[in-house]
Each structure stands twice: as C-alpha cells, then as structure tokens.
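> Need coordinates for the following:
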Amino acid sequence: MPLSVVTTTWPLLLGMGVLMLGAGLQSTLLGLRATLEGFPTVVTGVVMSCYYVGYVLGTIIAPPLLRQLGHIRVFAALAAVASVAILVQGGFVDAWTWGSMRLVSGVCFAGIYVVAESWLNDRATRATRGRLFAVYMVILYVGLGAAQFLLVLSDPRTPASFMLVSVLISLAMVPIVVSAQHVPDHAVPRKVHLRDLYRNSPLGVVAVTIADAADASRFAALEATGQVRRFSGWLEWSTQRFEVSAGGAVEVGVDGEALTMDPPVVFESRPGALRVRLPRRKVGASPAARAVNLLSGSTVAELWQVAAAPGSLA
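Residues are numbered from 1 along each chain as shown. The predicted structure is shown next:
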C-alpha cells in the first residue's frame, strides 16, 4: 500500500481506534451495570437493542449531514453527542434513560462509521482500497477487543467507568480535527435505480470448503486481512445457471427462509424474471408504472387471478 495513502488517513485510523476503545467499553459496561442493578433480562435486552434501532436511523440521517456540513464537522458533532450520552447514562440509572441514550449512541456511531468509511473510500484507489479497508477493520476489532481490559481500571458501580468512556470518545476527535487539511470533497452520490442494478448484476456463486479447525482459523485470518480469495477452499464464479446435485435432500436458504429441497437444485438468472414496479411519479423510469391504476377494477381482478393461480404461493 503506498505510503501517501497512510499519511492522509492516519488521523482517521487513529481516531477510530481510540473511539473503538470507548465503544467496546461502553457496551460491556452497560450490560454489566444493568446486571448489578438487578434489571430484568428482558429489560436489559430491550435497552441494549435500542442501539441498533438508532444505528438504522443513523444510516439515514448521516448522509445528508455529510453533504451539508462536511466530514470533520459531522464526526466532531456526533462524537460529542455520543460522549454526552454515556455521561447521562452514568448519572441517571434507569431503563428509560438508558434506552433513549442507547438509541442516541446508535445514531451517533452509525453516522461516525458513514463518515469514516466514506472518507477512506475517497482516499483509496482501486489498487489500495481492499488493503486500506482491511487495516481499518483490524483497527476496529483490536480496539473493541482491547476495550474489555479497561474494565479493571474502575468499579462499574461508580460513574468513573462512564467518565472513562466519555473521555475516550472525546479524545477520538483530536487527531481528526487537527488534520483538517486532508478533507474529502462534498461529493453528491449518483443514484442507481433498482431496475438498472438488477439488470446489470450477474448471478454470482461463492463456495467455501472448510475441513477442520485449522482451515477455519486460516479462513478467519485471511478474511480479516481482506485476502479471503487466497484461501484454498474458496471458489467463486459468475454464470447464468448452475446445478447442485446430492444423494439426499439439500438444505437451502431462499429470501432468508430455511428450506429443504430435493436434488437437483437448479439456480438460474433469467432476464425479466423479476418485474419491478416504480412509483407513477417516476417519470421516464417506468412507463408501465404510469399506466397502472391500483384502484381500477381491471387491476384488482388481475391481482386476484395471480393470487388464485395454482402454485402462486408456493
């Protein structure tokens, strides 16, 4: 990886490493403190799950802010709010406060990840992107793992542990703010229509053969460094059709549902197999959608015929 890529991204990588120390300590601390406070298991689960609700919201909120304010301002603002959120949790120990602040933390960390990864993507080229993101992921996981050892520095029953998390999150801003000269441009991403994405996507096949624990360790190590294609049991190719044969029933996953199918199991990529209906207001993108009136008798009748056809719900 060229040295120039490292010199322009080291403040971000350092900041994310420090931030992960705070994030890793925060998650463990809240779960441990909730147990010590006698929170019911269900309540603890709901409180911790609020983070992921905020995480989803953060992926929606962050991109517009990024285009309007820029990477450094958004990173600093979100880190500051996340730092305040953990202090509030340390001062007010109850499920409602923790759940709401956990949601705020999810929004902030999701936005921070959007900022960091869009920044790295801007600085990387096709030749360096894989290795740069591999280094980034190693730093994240090392930070999250090392954070667990910080629990010995203070008693989780006291506010000191929460203050330590706040300090780490705040320190993460320092290397990024002081290196403001290397800031990505405010680029507006080009939208890709679902129909175009589906039309241009071939049928990709990936197969992994892992024989024993040693193979599993090698696979995990190569995946963590972005070199998974070097694994001897890794196969991938693009095709229009492939078939899986077996001596018995084949367990498959279709649209997130676990199924058992009799062999042979055939996979095909067929043009026009999926019809995508776009909003009627999407002028120029879906002439067929403009011609559909969902409230018309003919449309309702056609939908009923499709639903009532044999095998339509299979």
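
> Next, count neighbours for residue 21.
Other residues lying near residue 21 total 25 when counted by other CB atoms under 10 Å. Just so you know, the C-beta spots here come from the backbone N, C-alpha and C atoms, and that holds for glycine as well.

> just residue 219 next, same as before
Residue 219 has 18 neighbours, counted by other CB under 10 Å.

> What values do phi and psi take at the residue lying closest to it once chain neighbours are set aside?
In space, residue 219 comes closest to residue 231 once its chain neighbours are excluded; the distance is 5.2 Å by CB to CB, 6 or more residues apart in numbering. Backbone torsions for residue 231, taken as degrees, to the nearest 10, come to phi -70, psi 130.

> And the pLDDT for residue 231?
Note on residue 231: pLDDT of 82.

> now do residue 1
Confidence score, pLDDT, at residue 1: 52.

> Also the one 10 residues further on?
As summarised for this prediction, residue 11 has a pLDDT of 81.

> What of the one 3 residues further on?
On pLDDT, residue 14 comes in at 87.

> so what's it up against?
With contacts defined as CB atoms under 8 Å, 6 or more residues apart in numbering, residue 14 is in contact with residue 175.

> three-state assignment of it?
Secondary structure assignment for residue 14 (DSSP: H, G, I helix; E, B strand; the rest coil): helix.

> Would you agree residue 72 is in contact with residue 177?
Yes: when contacts are counted by CB atoms under 8 Å, residue 72 is listed as touching residue 177 (6.3 Å).

> When those two are compared, which one has more neighbours?
Using other CB under 10 Å, the more surrounded residue of residue 72 and residue 177 is residue 72, with 20 against 15.

> That one: which element?
In the assignment (DSSP states H and E), residue 72 maps to helix 71-91.

> Please work out the angle formed by the directions of whichever helix or strand comes after that helix and helix 71-91.
Sequence order places helix 95-123 as the next helix or strand after helix 71-91, per DSSP H and E. Relative orientation of helix 95-123 and helix 71-91, computed by axes from the mean of the first three to the mean of the last three CA atoms, to 10 degrees: 160 degrees.

> Could you list the buried residues of helix 95-123?
By neighbour count on 16 or more other CB atoms under 10 Å, the buried set for helix 95-123 is 95, 98-116, 118-120, 123.

> packing partners for it?
helix 3-36, helix 41-69, helix 71-91, helix 129-146 (3 or more CB pairs under 8 Å, 6 or more residues apart in numbering; DSSP states H and E).

> Which elements pack onto the last one?
Contact here means 3+ CB pairs under 8 Å, 6+ apart; on that basis helix 129-146 packs against helix 3-36, helix 95-123, helix 213-224.

> To residue 252, which of those lies closest?
Of all the helices and strands packed on helix 129-146, helix 213-224 sits nearest to residue 252, with 21.8 Å by CB to CB.

> The very next helix or strand once past that closest one relative to helix 213-224, how many degrees between them?
Toward the C-terminal end, the helix or strand that comes next after helix 213-224 (DSSP H and E) is strand 234-239. Taking the same axes, to 10 degrees, one finds strand 234-239 and helix 213-224 inclined to each other by 60 degrees.

> the domain parsing of the protein - what is it?
For the chain, automatic domain parsing gives the domain ranges 3-177, 194-268, 277-314.

> quick one, phi psi at residue 70?
phi 100, psi 160.

> rewinding a little: what's the most buried one of the domains of the chain?
Ranked by mean neighbour count, the domains of the chain are led by domain 3-177 with a mean of 18 (mean count of other CB atoms under 10 Å).

> Please compute how far it lies from its chain's middle.
Counting by CA atoms, centre = their mean, to the nearest Å, domain 3-177 is centred 14 Å from the centre of its parent chain.

> Is residue 266 in contact with residue 239, as I believe?
No: with contact defined as CB under 8 Å, residue 266 does not count as touching residue 239 (11.7 Å).

> Report the contact partners of residue 156.
Neighbouring residues of residue 156 by CB under 8 Å, 6+ apart: 29, 32-33, 36.

> Can you classify it by secondary structure?
Put simply, residue 156 is coil when judged by three-state DSSP.

> Then residue 39?
Secondary structure, three-state DSSP: residue 39 is coil.

> what's near enough to touch it?
Residues counted as contacts of residue 39 (CB under 8 Å, 6+ apart) are 47, 95.

> Swap in 6 Å and give it another go.
Listed by CB atoms under 6 Å, 6 or more residues apart in numbering, residue 39 has no contact partners.

> same check, this time on residue 86
If you count contacts by CB under 6 Å, 6+ apart, residue 86 has them with 26, 162, 165-166.

> quick check, residue 260 in a helix?
No: Residue 260 sits outside any helix when classified using three-state DSSP, being strand.

> Thanks again, I'm all set now.
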